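> One predicted model, sequence on top.
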Amino acid sequence: GAGVSQSPRYKVAKRGQDVALRCDPISGHVSLFWYQQALGQGPEFLTYFQNEAQLDKSGLPSDRFFAERPEGSVSTLKIQRTQQEDSAVYLCASSRSTGTSGEGEQYFGPGTRLTVT
Amino acid sequence: AQSVTQLDSHVSVSEGTPVLLRCNYSSSYSPSLFWYVQHPNKGLQLLLKYTSAATLVKGINGFEAEFKKSETSFHLTKPSAHMSDAAEYFCVVADYKLSFGAGTTVTVRA
């Protein structure tokens, strides 16, 4: 079956522009996660949805970052007034698990590489 | 808070020799631990996971890892490296979200 897809795969934005990154999770997966991976580093958690509810947004680096999942499937990560430090790969992952044990496998998309010039 | 520390930023091995990637974890309770691999320009792929069922965990592509509570370690091994093993490897601790280590870059010499 289809995996997690993300679009666009690459995005170049001028500093100050707004961007929207899309994630299509695996069908039926309840949980959806966004991570940010800076060059040469491990991914870092941004936010977590269970269905349409955003249960954890503690990793969002500033109020310029906003995520939504209005119908419990597709999710959009929006970054307003982009800055150079926002340049990174943004990864989306989905999981059928809703538990807190961490046992549920997260399936990752290919990521969106954002470059802010 | 849970965290992992990957002890080697870069490991270089010859094809056909063993690979050892070291990871220590910090957790106030029994953790769920994973190893993920990331090939260049490809997505993250799960290699294996530990969720308290067995301390020796076998994964894909001949990799395995051993959970040692006394040493708070979860090291990844493979008996014989292949050229296709060249990639970035991440040790991960999880509750519902994943906390990644900084990564270990593996290069394989012919």
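Structure's in. What do you need? Numbering: from 1, shown residues only, chains lettered A, B, ... in the order given.
> Name the nearest residue to B:Ser99, ignoring sequence neighbours.
Sequence neighbours aside, B:Val93 is the residue nearest to B:Ser99 in space, at 5.1 Å (criterion: C-beta to C-beta, 6 or more residues apart in numbering or on different chains). From N, CA and C alone the C-beta is placed, and that goes for glycine too.
> Pull up the residues of chain A that are close to chain B.
Those residues of chain A that sit near chain B, judged by C-beta under 8 Å from any C-beta of the partner chain, are A:3-4, A:31, A:33, A:35, A:40-45, A:48, A:56, A:59, A:91, A:93, A:97, A:99-103, A:105-106, A:108-111.
> which residues does the residue nearest the centre of chain B bridge with?
The residue lying closest to the centre of chain B (C-alpha atoms, centre = their mean) is B:Trp35, at 3.8 Å. Counting by DSSP bridges, B:Trp35 is bridged to B:Leu48, B:Cys91.
> hang on, isn't it packed against B:Gln45?
No. B:Trp35 lies out of contact with B:Gln45 (C-beta atoms under 8 Å); the separation is 9.9 Å.
> one step back: ok, now which ones touch the residue nearest to the centre of chain B?
Going by C-beta atoms under 8 Å, 6 or more residues apart in numbering or on different chains, B:Trp35 touches B:21, B:23, B:46-49, B:59, B:63, B:65, B:74, B:76, B:89-92.
> Looking at those, state which has the most neighbours.
Tallying neighbours with other C-beta atoms under 10 Å in any protein chain shown puts B:Cys91 at the head of the contacts of B:Trp35, with 29 neighbours.
> ok, that residue to B:Gly59 distance?
13 Å (C-beta to C-beta, to the nearest Å).
> for A:Pro110, same thing?
According to C-beta to C-beta, A:Pro110 and B:Gly59 sit 21 Å apart.
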